[in-house]
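Asks: fold the stuff below for me.
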Amino acid sequence: MIIETKKASFNQPLYLESGRVLQEYEVAYETYGHLNSDKSNVIIITHALSGSHHAAGYYEGDRKPGWWNDFIGDNKPIDTNKYFVICMNNIGSCFGSTSPQSIDPSTSEAYRFRFPVLTITDIVKAQISVLKSLDIHSVHAVIGGSMGGMQALCYAIEYPDFAKHIVALATTAYTRPWAIAFNKVVTEAIRKDPDFKDGYYNTEDIKENGLNGLAIGRMAGHISYLSPSSMNDKFGRKYVNQDGLYELFGRFEVERYLEYNGYNFPHNFDPLSYLYIMKTMNIFNASRGSDTLEQSLSTITSKLHLLSFSGDLLFKPEEMEEIYNTMINIGKEDLVTYKMIDSDYGHDAFLVEVDKFGDYIKNLIEDN
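Replies: A predicted model of the protein is given here:
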């Protein structure tokens with residue numbers, strides 16, 4: 001599989017939904033496979049909150065591949081022998097695209113809290129700029145899960161003639177209080193950490209030493225990404241062998257798991273980016289700009305394929321079913337499919353249980 005990592009830079013302004021403007025911006029992206037002569041084999045992969053443009057394959061020295069490596073590659077469900085796959089790092093993220101730690105050209109200093117709050121619409125608009133710069137004006141499919149699924153829905157609604165197929169996994173038409181509540185725990189943990197320094201921390205210090213507030217918040221997030229069944233299967237009541245049962249801070253294996261994932265995370269993810277991305281997810285509403293979800297979905301002309309996971313507690317199956325039922329109610333039953341994947345894993349099933357849906361998606365997007 002041929003992997004290329006690039007960065008697109010734009011000097012023309014990006015007008016945001018909030019009314020603010022990014023006078024210039026950059027988008028990091030990665031491509032896999034070959035673009036055919038008529039550019040009809042393009043698939044866009046959109047990533048979740050903490051994801052990046054590195055969706056598949058290995059970088060030199062990597063212990064782990066890209067986050068959807070089981071799904072994308074030669075002879076995999078998204079076959080890079082057939083498709084030219086593009087994954088773009090969301091603006092606001094900290095993996096190479098313009099973000100709160102980027103330099104504000106008007107001040108020559110990092111934006112930090114001067115960075116604008118972004119919407120999913122803004123993120124997709126920046127991606128469209130990248131695609132136009134590559135002279136790509138339509139694609140075969142857009143595929144994404146969770147926050148990536150929000151972006152997929154945005155493509156379907158706001159760019160109705162852009163993709164033949166839209167595949168949205170483990171997502172929602174608008175973020176509910178349950179998910180916003182988890183994000184509030186993360187926000188408060190970060191803001192109240194003295195090492196956060198009201199957003200004026202040294203980024204190298206965070207990379208070296210971490211940030212306890214973000215670590216604790218990430219632990220809360222991990223709880224929402226799993227499910228009681230998956231925790232029971234993975235950990236049971238196993239206790240850390242080196243810890244005494246009657247030591248006050250002795251740990252169950254599930255506690256050690258949360259510590260490991262929580263305290264490692266801030267070494268690789270910027271706290272301000274995390275705050276901004278959570279805000280983007282919290283305010284997502286596919287009906288924004290319309291009075292109702294029905295009106296919003298009425299613009300769709302692509303084939304819309306919806307996948308939920310039975311054990312997902314963050315974006316529950318009924319949230320995906322609402323989108324499906326709305327499409328049926330407005331007479332677009334020929335344009336929508338829905339499948340609930342039987343899974344006890346939780347929200348992250350869309351990342352780790354590719355064997356349960358990979359071939360299904362492969363068959364959905366095959367040309368008839």
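Asks: and the contacts of stretch 243-256?
Replies: 231, 234-240, 259 (CB atoms under 8 Å, 6 or more residues apart in numbering). In short, each C-beta sits where N, CA and C put it, glycine included.
Asks: return the member of these nearest to Gly289.
Replies: Gly289 lies nearest to Met231 out of the contacts of stretch 243-256, by CB to CB, at 39.2 Å.
Asks: dihedrals phi and psi, the residue of the chain positioned farthest from its centre?
Replies: Largest separation from the mean C-alpha position in the chain: Tyr246, at 40.8 Å (CA atoms, centre = their mean). Note on Tyr246: its backbone torsions stand at phi -100, psi 20 [degrees, to the nearest 10].
Asks: what does the pLDDT read for it?
Replies: pLDDT for Tyr246: 92.
Asks: same thing with the one 10 residues further on?
Replies: In the predicted model, Arg256 carries a pLDDT score of 96.
Asks: and if you look at Asn261?
Replies: 94.
Asks: can you select the buried ones from the contacts of stretch 243-256 in PyMOL?
Replies: A single PyMOL command selects the buried members of those (16 or more other CB atoms under 10 Å):
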select buried, resi 231+235+239
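Asks: residues touching the closest residue to Thr98 other than its chain neighbours, list them.
Replies: The spatial neighbour of Thr98 that comes closest, neighbours along the chain excluded (CB to CB, 6 or more residues apart in numbering), is Tyr25 at 4.1 Å. Residues near Tyr25 by CB under 8 Å, 6+ apart: 9-10, 14, 91, 97-98, 126.
Asks: going by distance to Val354, which of the residues you listed wins?
Replies: Nearest member of the contacts of Tyr25 to Val354, counting by CB to CB, is Ser97, at 25.6 Å.
Asks: buried ones among the contacts of Tyr25?
Replies: Buried, going by 16+ other CB under 10 Å: 10, 14, 91, 97-98, 126, out of the contacts of Tyr25.
Asks: from the residues you listed, which land in helices?
Replies: With DSSP state H as the criterion, helices contain Ala126 from among the buried ones among the contacts of Tyr25.
Asks: with distance to Pro271 and pLDDT as added columns, please give the buried ones among the contacts of Tyr25 in CSV.
Replies: CSV is the format used below for the buried ones among the contacts of Tyr25 (distance: CB to CB, whole Å; pLDDT from 0 to 100):
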residue, distance to Pro271, pLDDT
Phe10, 26, 98
Leu14, 24, 98
Ile91, 17, 98
Ser97, 17, 98
Thr98, 17, 98
Ala126, 22, 98
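Asks: wait, which of the buried ones among the contacts of Tyr25 is closest to Val139?
Replies: Closest to Val139 out of the buried ones among the contacts of Tyr25 is Ala126 (15.7 Å), distances taken as CB to CB.
Asks: next, the contact list for the spatially closest residue to that closest one that is not a sequence neighbour, please.
Replies: Using CB to CB, 6+ apart and skipping residues adjacent in sequence, the residue nearest Ala126 is Ile91, 4.8 Å away. Going by CB under 8 Å, 6+ apart, Ile91 touches 14, 22, 25, 27, 97-99, 118, 122-123, 126.
Asks: quick one on the thing from earlier: restricted to helices, list the contacts of stretch 243-256.
Replies: 231, 234-235, 259.
Asks: for the helix or strand containing Val186, name the packing helices and strands.
Replies: In this assignment (DSSP states H and E), Val186 forms part of helix 177-191. Counting contacts by 3 or more CB pairs under 8 Å, 6 or more residues apart in numbering; DSSP states H and E, helix 177-191 packs against helix 212-225, helix 271-282.
Asks: of those helices, which is nearest Tyr324?
Replies: Checked against CB to CB, the stretch from those lying closest is helix 271-282, at 21.3 Å.
Asks: that closest one vs helix 212-225, what angle?
Replies: 30 degrees (axes from the mean of the first three to the mean of the last three CA atoms, to 10 degrees).
Asks: for helix 271-282, name the packing helices and strands.
Replies: Helix 271-282 sits against helix 147-158, helix 177-191, helix 212-225, with contacts defined as 3+ CB pairs under 8 Å, 6+ apart.
Asks: buried sites along the helix or strand following it?
Replies: For helix 271-282, the following helix or strand on the C-terminal side (DSSP H and E) is helix 293-297. By 16+ other CB under 10 Å, the buried positions in helix 293-297 come out as 293, 296-297.
Asks: got it, and stretch 281-292?
Replies: Counting neighbours by 16+ other CB under 10 Å, stretch 281-292 gives 281-286 as buried.
Asks: same check on stretch 246-253?
Replies: Judged by neighbour count using 16+ other CB under 10 Å, the buried positions of stretch 246-253 are 252-253.
Asks: mind checking how far that stretch is from the chain centre?
Replies: The chain centre lies 34 Å from the centre of stretch 246-253; the measure is CA atoms, centre = their mean, to the nearest Å.
Asks: now the end-to-end length of it.
Replies: By CA to CA, to the nearest Å, the extent of stretch 246-253 from end to end equals 15 Å.
Asks: now Val336: closest residue in space, sequence neighbours ignored.
Replies: Met327 (4.0 Å).
Asks: doesn't the one you found fall inside a helix?
Replies: Yes - checked against DSSP: H, G, I helix; E, B strand; the rest coil, Met327 lies within a helix.
Asks: sweet, I'm off.
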